[in-house]
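*Asks:* here are the coordinates; sequence isn't available:
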């Protein structure tokens with residue numbers, strides 16, 4: 001059990017942007033008792049001591065609501081004009097945006113085809129130079145009714161079907177396995193008992209009974225979590241055996257976590273009839289243990305809400321900000337929206353307070369009533385970041401009015417982005433006057449950059465530097481601090497007009513911050 005990670009020990013050694021997504025940077029403070037200007041250890045009679053508080057006040061955390069834009073991926077191929085389309089993963093490599101997305105062609109209806117997992121899901125591939133204008137290369141791996149395709153996995157390209165799942169890049173793997181895919185698969189065997197016994201020899205009793213039970217009405221099947229590896233993300237080699245005897249119905253995701261040098265995966269679970277999030281970790285991608293619960297919806301949320309998808313990744317440029325892009329399913333209204341959960345280690349999770357980060361609403365170019373998250377946090381033009389989302393015109397289980405033989409002109413799901421200004425997922429907010437002190441940290445740069453926004457003519461942020469004993473550092477006090485006003489992603493703090501504090505590099509300090517009508521999103525030593 002990891003109680004305290006190295007990057008959580010004080011003094012902190014912050015590298016890269018330090019996002020205010022929880023209280024990890026903010027000292028809890030204390031109340032001390034003082035008599036005659038000195039700390040009183042005991043009463044001892046006489047005048048009672050006076051309380052002096054050095055704790056944060058007047059601040060709160062609040063998630064920033066996204067601007068949802070799109071659609072951004074035209075549905076212009078014959079296999080995309082079917083039952084379903086959504087984005088699995090977007091990665092940015094060497095300036096190129098790479099997308100893996102799922103479609104369900106409609107041929108299973110008019111050809112009456114019997115695909116595994118009902119409909120014959122397919123993983124497709126696209127590329128872009130800006131994240132908005134996409135090309136869908138003809139890869140030559142297979143065709144669809146005589147048309148060359150951009151299919152990379154699924155149907156006959158996979159020995160055990162394909163449904164949902166995510167692609168990730170594994171820096172620890174040899175080149176031929178640099179890309180990995182984890183997904184929901186289905187095993188078919190004439191001798192299912194022999195298959196189960198073979199898996200029991202691998203996993204022991206650590207197998208999900210629902211997995212071995214197969215899909216209702218489909219004897220001789222077994223629902224599993226499966227994997228594939230690739231050197232380029234296009235040509236995939238399926239793993240011969242399931243990676244986990246577990247049936248996770250929706251988005252399966254995994255990452256290589258260099259903090260613990262293991263693979264970590266997050267999977268949908270069901271507890272007391274409600275969907276929740278399970279976590280598993282392994283040193284061997286080919287064998288995973290059954291997930292254990294790590295996050296449920298809070299008790300004060302609506303009792304009909306649970307968690308449908310749970311993609312997790314580290315926020316770019318950080319080593320200890322784990323973000324869960326949780327798609328919430330509201331059963332009472334039959335639609336979904338997206339909320340953030342956050343963790344410092346991937347083990348213990350908290351929901352970001354405030355509004356749902358992206359909700360069903362009107363986008364810039366289209367209207368939708370149901371929204372789910374894909375996988376990835378990527379840079380976008382204009383100093384913005386985005387996560388892929390898919391919007392549905394109708395509620396999640398709205399009648400689709402399709403019968404065998406009919407072809408649907410517009411599939412369920414159109415891809416877009418939930419977007420924010422860079423590093424602005426959550427903020428420390430002072431509606432009026434607020435104040436806090438950071439934990440002790442080692443200065444790692446010659447200037448201090450703030451990502452902040454003040455509002456009204458009275459809004460400002462001011463910073464004082466304190467030494468390891470909590471005393472104000474001459475030259476960097478509130479008296480010398482220049483109040484900051486405005487809305488900036490990279491505002492350098494100055495004291496009497498001077499931004500450089502290179503003389504403090506390597507020293508242990510804390511930052512005392514005063515705010516008024518302001519939002520502070522992140523800080524960074526630069």
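*Replies:* Now that the structure is in, tell me what you want to look at. Remember, predicted model here, so these are calculated numbers, not experimental data. Numbering: from 1, shown residues only.

*Asks:* Spell out, range by range, the helices that occur in the stretch 201-350 of the chain.
*Replies:* For the stretch 201-350 of the chain, applying DSSP state H, counting those that start in this stretch gives helices covering 209-213.

*Asks:* show me where pLDDT drops low in it?
*Replies:* When residues are selected by pLDDT under 70, those of the stretch 201-350 of the chain lie in 214-219.

*Asks:* was I right about residue 461 contacting residue 450?
*Replies:* Yes. Between residue 461 and residue 450 there is a contact under C-beta atoms under 8 Å: 6.6 Å. Bear in mind the C-beta positions are built from the backbone N, C-alpha and C, glycine included.

*Asks:* Just want to know which of the two has more residues nearby.
*Replies:* Set side by side, residue 461 and residue 450 show more neighbours around residue 461, with 26 against 21, by other C-beta atoms under 10 Å.

*Asks:* quick one: average pLDDT of the top strand by length along the chain?
*Replies:* Secondary structure of the chain read by DSSP state E shows that its longest strand is strand 508-525. The average pLDDT within strand 508-525 is 98.

*Asks:* repeat for stretch 88-95
*Replies:* For stretch 88-95, the mean pLDDT works out to 96.

*Asks:* first vs last residue of stretch 302-314, how far apart are they?
*Replies:* Using C-alpha to C-alpha, to the nearest Å, one end of stretch 302-314 lies 29 Å from the other.

*Asks:* Residues contacting it, please?
*Replies:* Under the contact criterion C-beta atoms under 8 Å, 6 or more residues apart in numbering, stretch 302-314 has outside partners 166, 250-251, 253, 255, 257, 264, 266-268, 274-277, 295-297, 320-332, 336, 346, 372-377.

*Asks:* Just give me the neighbour total for residue 424.
*Replies:* Counted with other C-beta under 10 Å, residue 424 comes out at 21.

*Asks:* who's in contact with it?
*Replies:* Taking C-beta under 8 Å, 6+ apart, we find residue 424 in contact with 64, 451, 489, 521, 522.

*Asks:* Now do it against residue 25, distance only.
*Replies:* Distance check for residue 424 against residue 25: by C-beta to C-beta, to the nearest Å, it reads 16 Å.

*Asks:* One more: residue 272?
*Replies:* For residue 272, the distance to residue 25 equals 35 Å [C-beta to C-beta].

*Asks:* Neighbour count for the two, which is higher?
*Replies:* When residue 272 and residue 25 are compared for neighbours, residue 25 comes out ahead with 21 against 7, by other C-beta under 10 Å.

*Asks:* okay, the closest residue to that one other than its chain neighbours: pLDDT?
*Replies:* Take residue 25 and drop its neighbours on the chain: the residue closest to it by C-beta to C-beta, 6 or more residues apart in numbering is residue 438, 5.2 Å away. Looking at residue 438, its pLDDT stands at 97.

*Asks:* Residue 37 too?
*Replies:* pLDDT at residue 37 comes out at 80.

*Asks:* same deal with residue 454?
*Replies:* We have a pLDDT of 98 for residue 454.

*Asks:* Neighbours of it, how many?
*Replies:* When neighbours are counted by other C-beta under 10 Å, residue 454 registers 22.

*Asks:* ok, it - contacts?
*Replies:* Contacts for residue 454 (C-beta under 8 Å, 6+ apart) come out as 460, 461, 484, 485, 486, 487, 516, 517, 518, 519.

*Asks:* Does the first one touch residue 485 like I think?
*Replies:* Yes. With contact defined as C-beta under 8 Å, residue 460 and residue 485 form a contacting pair (5.4 Å).

*Asks:* What segments of the stretch 351-500 of the chain are strands?
*Replies:* For the stretch 351-500 of the chain, the strands defined by DSSP state E, counting those that start in this stretch occupy 370-373, 378-380, 384-392, 414-421, 426-437, 441-442, 448-454, 460-466, 487-492.
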